[in-house]
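K.L.:
can you look at this prediction? I've put the sequence above it.
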Number of protein chains: 2
Amino acid sequence: MAIFSKTCEYAIRAVLYVAHKTTTGNKVGIKDIAAGIDSPELYLAKILQDLSRKGLISSVKGPNGGFYINELSLSRPLSDIVEAVDGNGLFVGCALGLKQCSEVNPCPLHHQFKAIRDQIHAVLRTNTIGKFNEELVNGLLSLKK
Amino acid sequence: MAIFSKTCEYAIRAVLYVAHKTTTGNKVGIKDIAAGIDSPELYLAKILQDLSRKGLISSVKGPNGGFYINELSLSRPLSDIVEAVDGNGLFVGCALGLKQCSEVNPCPLHHQFKAIRDQIHAVLRTNTIGKFNEELVNGLLSLKK
DNA sequence: TCAATTAAAGATAAAAATGTCTTTTATTAT
DNA sequence: ATAATAAAAGACATTTTTATCTTTAATTGA
């Protein structure tokens, strides 16, 4: 088990790829994105269609079309991507899968995993989609390999 | 997405259930366990067979048979269960699924999720299978609902 | 207007995870 | 020994996730 689903991993990587490739207003095609993050092109297309419907990214069809991210979305937190794809189970659910796990009816790991969930949530809320653009452009950060 | 697979959630809950039910040397049957942690009986049977083969729990067939946990296993960390079921991906993998993510070739979330993974690992390493027995017996902790 | 381009949408396929059913094996008590 | 019990094992079914293929719709430039 990884922390995110494969779909979500692709989604985050793709959005960050689009973000740092389209800061100058240009667009990037699905082939380019798929190659840039090493993901199956047609599957990624589905994921981006979904994110586009949900307003996280934008797209235009036709020649010179492709995906891009507007200024406003660049400041949205990564948690928006995760919630759109994997839901909020990572932030709120019970580590052991109990339906009614809570402070008053805790599973054995409730308290300790509350801290972990909060930390995951905090990291994803405080990092924006546009935050890594510079380091991605100059190659200090990787989205493939 | 939850943190653990459903199989792993069942596994942890079942092992903790067996642990606190068998401290006096008696055994507990699969029906009892499945009811006690609210899981599908036949699926849970498969999971416990696997854990038994791997030596995390013990079992005996026949009348008055069932599952139990020996004294030594009571002091094993929960991470042993997680690794047996979900592998160590939660502790070591890249949050964004990169194959070669590392300090020198980091994904955008590498450093921040390193801390999170380490915390998850620490929690699971420092909590033993037997640690919650008392609170489970007196009902302060729950394994179902 | 027409052809080329590119994403959207719908259908299908393959793989993995989850869940169930049946038969076998080991153990116990009679 | 035999019958009853309970886990082990193997086969099968369902659901979800991941991946692919085909057709449609929108946009652009010639």
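P.N.:
Perfect, I can see it now.
K.L.:
tell me where chain A has helices.
P.N.:
Taking DSSP state H as the test, the helices found in chain A are A:6-21, A:30-37, A:41-53, A:71-74, A:78-86, A:89-92, A:110-126, A:133-137.
K.L.:
just give me how far stretch A:11-21 sits from the chain centre.
P.N.:
Taking CA atoms, centre = their mean, to the nearest Å, one finds the center of stretch A:11-21 at 8 Å from the center of the full chain.
K.L.:
which residues touch that stretch?
P.N.:
A:4, A:28, A:32-33, A:36-37, A:39, A:44, A:47-48, A:51, A:56-57, A:67-69, A:74, A:78, A:81-82, A:84-85, A:129-130, A:132-134, A:136-137, A:143-144, B:96-97, B:107-109 (CB atoms under 8 Å, 6 or more residues apart in numbering or on different chains). (Each C-beta comes from the backbone N, C-alpha and C, glycine too.)
K.L.:
buried ones only from those, please, as a ChimeraX command.
P.N.:
Of the contacts of stretch A:11-21, the buried ones go into a single ChimeraX selection, burial set by 16 or more other CB atoms under 10 Å in any protein chain shown:
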select /A:4,28,32,33,36,37,39,44,47,48,51,56,57,67,68,69,74,78,81,82,84,85,129,130,132,133,136,143 /B:96,97,107,108,109
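K.L.:
residues contacting the residue lying closest to A:Gly130 once chain neighbours are set aside?
P.N.:
Excluding the flanking residues, the one nearest A:Gly130 by CB to CB, 6 or more residues apart in numbering or on different chains is A:Leu74, at 3.2 Å. For A:Leu74, the contacting residues are A:Ala19, A:Thr128, A:Ile129, A:Gly130, A:Asn133, by CB under 8 Å, 6+ apart.
K.L.:
ok, now A:Arg76?
P.N.:
A:Leu56, A:Thr128, A:Ile129.
K.L.:
from DNA strand D, how far off is it?
P.N.:
Going from A:Arg76 to DNA strand D by CB to the nearest atom of the strand, to the nearest Å gives 22 Å.
K.L.:
ok, now A:Gly65?
P.N.:
6 Å.
K.L.:
same deal with A:Ile30?
P.N.:
11 Å.
K.L.:
A:Ala34 reaches A:Ile47, doesn't it?
P.N.:
No - contact between A:Ala34 and A:Ile47 fails when scored by CB atoms under 8 Å: they sit 10.3 Å apart.
K.L.:
ok, back up a step: just name the most buried of the helices of chain A.
P.N.:
Compared across the helices of chain A, helix A:6-21 shows the largest average neighbour count, a mean of 24 (mean count of other CB atoms under 10 Å in any protein chain shown).
K.L.:
which of the contacts of A:Arg76 sits closest to DNA strand D?
P.N.:
Closest approach to DNA strand D among these (CB to the nearest atom of the strand): A:Leu56, at 17.2 Å.
K.L.:
touching, the closest one and A:Asp80? I think so.
P.N.:
Yes - counting by CB under 8 Å, A:Leu56 does reach A:Asp80; the two are 6.3 Å apart.
K.L.:
list the residues that contact both of those two?
P.N.:
Taking CB under 8 Å, 6+ apart as the contact criterion, no residue touches both A:Leu56 and A:Asp80.
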